[in-house]
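K.L.:
Build me a model:
(one chain, ligands or ions: 1)
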Amino acid sequence: MTDQRGPAVPAPDDFLAVDAALTAEETAIRDTVRDFAARELLPGVADWFDAGTIPDPRALAKAFGELGLFGMHLSGYGCAGASATAYGVACRELEAVDSGLRSFVSVQGSLAMAAIHKYGSEEQKTSWLPRMAAGEVIGCFGLTEPDSGSDPGSMRTRARRDGSDWILDGTKMWITNGSVADVAVVWAATDDGIRGFLVPTDAPGFTANTVHRKLSLRASITSELVLDGVRLPGTALLPGATGLGAPLSCLNEARFGIVWGVVGAARTCYLAALDYAGTRVQFGRPIAGFQLTQRKLADMVVDVNQAGLTAARLGRLKDAGQCHHTQVSFGKFANVAAAQRVAAAARSIHGANGITLEYPVLRHLLNLETVATYEGTEEVHALSIGQAVTGLSAFR
Ligand SMILES: Cc1cc2nc3c(=O)[nH]c(=O)nc-3n(C[C@H](O)[C@H](O)[C@H](O)COP(=O)(O)OP(=O)(O)OC[C@H]3O[C@@H](n4cnc5c(N)ncnc54)[C@H](O)[C@@H]3O)c2cc1C
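P.N.:
Numbering: from 1, shown residues only. This next block holds a predicted model:
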């Protein structure tokens with residue numbers, strides 16, 4: 001909108017008019033997910049966080065499936081085949097409500113389904129993907145172990161041959177949706193290097209134990225997976241996944257969703273702070289009128305919108321097939337840190353109210369501790385960027 005005085009004052013949450021570059025389809029997806037999230041997720045999320053769970057994960061999976069969010073940027077097998085940017089926008093709108101809800105979609109679509117889509121046999125794809133896309137089957141992705149996190153090559157979970165079968169032994173830790181999953185994509189060391197397996201969670205010897213007393217990502221189910229002599233047929237092996245590069249490429253898909261998602265978390269915190277600062281009166285005037293508050297709000301609007309710009313640029317690079325994994329590392333590294341700064345500043349603007357679940361700010365700030373840790377910690381992505389720019393690996 002312009003008038004004779006020139007362009008209008010930009011919208012606080014889209015200061016650089018990034019969304020104007022979305023296609024009509026991407027805009028429609030944004031609006032659909034935003035409406036759904038406001039109607040179905042936002043009213044309950046503080047209670048779910050308080051209770052430390054998602055009350056009905058199967059119903060939630062069905063609802064996400066009906067919206068076409070699972071495996072949204074994959075094609076065929078019941079997946080929506082949308083652009084990477086559209087998927088990113090959907091992640092942004094979900095994480096504007098809670099990082100745990102975006103994690104549900106990331107793990108199902110970008111980790112479990114992407115692994116099957118990329119590395120599975122035709123039979124595995126037709127058997128699992130349509131039901132996972134519809135939300136009838138929940139998947140999880142087991143890479144991390146109690147003693148193997150940033151260095152997944154050190155994993156101890158073993159898969160050994162027994163005739164044409166495989167026998168899996170080991171423990172996976174911090175696995176999102178592990179206790180509610182129907183199928184686990186489990187990565188294990190074999191005599192031929194790291195391989196991926198599709199493990200039905202009712203297989204004898206498989207157990208999942210929910211992790212309790214988390215202080216972050218509480219509206220999400222996190223589990224330990226125990227594999228005690230789990231016997232699988234030869235057809236459980238993902239034939240195309242050979243070596244550590246396979247799970248790492250799935251993580252790169254999920255990280256792309258994080259680059260976008262945290263923009264949503266930051267936006268929510270920023271808008272809450274802006275609203276609060278405009279109505280909270282101290283010393284006879286709204287705290288938004290104090291210079292120190294305005295400095296915070298200016299820093300926040302820059303962080304939110306620069307992060308949005310980074311996400312949008314990576315989306316277009318990915319849609320063009322031109323997004324290098326170190327660029328996704330750049331996005332995760334920069335955007336998570338920006339979201340953490342915004343959430344912390346928003347919490348301070350809310351004063352004492354900011355420590356309660358009546359306002360979203362501390363919930364988001366706590367969630368972002370997980371988001372900074374999973375899919376590669378802040379340090380790991382710094383090293384990945386460092387390696388890209390220097391040509392020297394400092395990982396070990
Ligand atoms: C809520 C939640 C959900 C999760 N969901 C999943 C899931 O679904 N599937 C899954 O497989 N995993 C999942 N994870 C695990 C997550 O990916 C790991 O926690 C992460 O990779 C870090 O591993 P770690 O916790 O073992 O930390 P560590 O690797 O032990 O790292 C500890 C610290 O050391 C630093 N560090 C490590 N190596 C280096 C180095 N070379 N140089 C400098 N610093 C270094 C790290 O950056 C970090 O600060 C989840 C985690 C959480 C908290």
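K.L.:
Write out the residues of the stretch 251-396 of the chain neighbouring the ligand.
P.N.:
370, 373, 374, 377, 379, 380, 383, 395 (C-beta under 6 Å from any ligand atom). Where you see a C-beta, it was placed from the backbone N, CA and C, and this is true even at glycine.
K.L.:
is it true that residue 349 touches residue 299?
P.N.:
No. At 11.4 Å, residue 349 does not count as touching residue 299 under the criterion of C-beta atoms under 8 Å.
K.L.:
Look up how far residue 297 lies from the residue in the stretch 1-150 of the chain that the ligand sits nearest to.
P.N.:
For the stretch 1-150 of the chain, the residue closest to the ligand is residue 149, as judged by C-beta to the nearest ligand atom, at 1.8 Å. Going from residue 149 to residue 297 by C-beta to C-beta, to the nearest Å gives 36 Å.
K.L.:
element containing residue 241?
P.N.:
For residue 241, the enclosing helix or strand under DSSP states H and E is strand 237-242.
K.L.:
can you give me the offset of that strand from its chain's centre?
P.N.:
Remark: strand 237-242 is offset 24 Å from the chain centroid, using C-alpha atoms, centre = their mean, to the nearest Å.
K.L.:
What ranges in this structure fall below the confidence cut-off?
P.N.:
1-3 (pLDDT under 70).
K.L.:
Name the single longest helix found in it.
P.N.:
As assigned by DSSP state H, the longest helix anywhere in the chain is helix 245-279.
K.L.:
can you give me the helices in this structure?
P.N.:
24-36, 42-51, 57-67, 84-95, 99-105, 114-119, 122-133, 245-279, 291-319, 325-349, 361-373, 378-390.
K.L.:
Can you spell out which helices and strands pack onto the second one?
P.N.:
In other words, helix 42-51. Where contact means 3 or more C-beta pairs under 8 Å, 6 or more residues apart in numbering; DSSP states H and E, helix 42-51 is packed against helix 99-105, helix 361-373.
K.L.:
Please apply the same query to the first one.
P.N.:
Applying 3+ C-beta pairs under 8 Å, 6+ apart, one finds that helix 24-36 contacts helix 57-67, helix 84-95.
K.L.:
Just the buried residues of the first one, please?
P.N.:
It stands for helix 57-67. 57, 60, 61, 64, 65, 67 (16 or more other C-beta atoms under 10 Å).
K.L.:
is the ligand contacted by it?
P.N.:
No. Legend: contact between helix 57-67 and the ligand by C-beta under 6 Å from any ligand atom is lacking; minimum distance shown is 13.9 Å.
K.L.:
any idea how far residue 162 lies from the ligand?
P.N.:
Going from residue 162 to the ligand by C-beta to the nearest ligand atom, to the nearest Å gives 26 Å.
K.L.:
Let me see the contact set for the nearest residue to that residue once chain neighbours are set aside.
P.N.:
Residue nearest to residue 162 in three dimensions, not counting chain neighbours: residue 231, with 7.2 Å by C-beta to C-beta, 6 or more residues apart in numbering. Contacts for residue 231 (C-beta atoms under 8 Å, 6 or more residues apart in numbering) come out as 162, 165, 166, 167, 203, 204, 205.
K.L.:
Specify the beta-bridge partners of the fourth one.
P.N.:
On DSSP bridges, the residues paired with residue 167 through beta bridges are residue 160, residue 231.
K.L.:
what's the distance between it and the ligand?
P.N.:
21 Å.
K.L.:
Tally up the residues packed near that residue, please.
P.N.:
16 (other C-beta atoms under 10 Å).
K.L.:
That one against residue 229, yeah?
P.N.:
Yes. Assessed by C-beta under 8 Å, residue 167 is found in contact with residue 229 at 5.8 Å.
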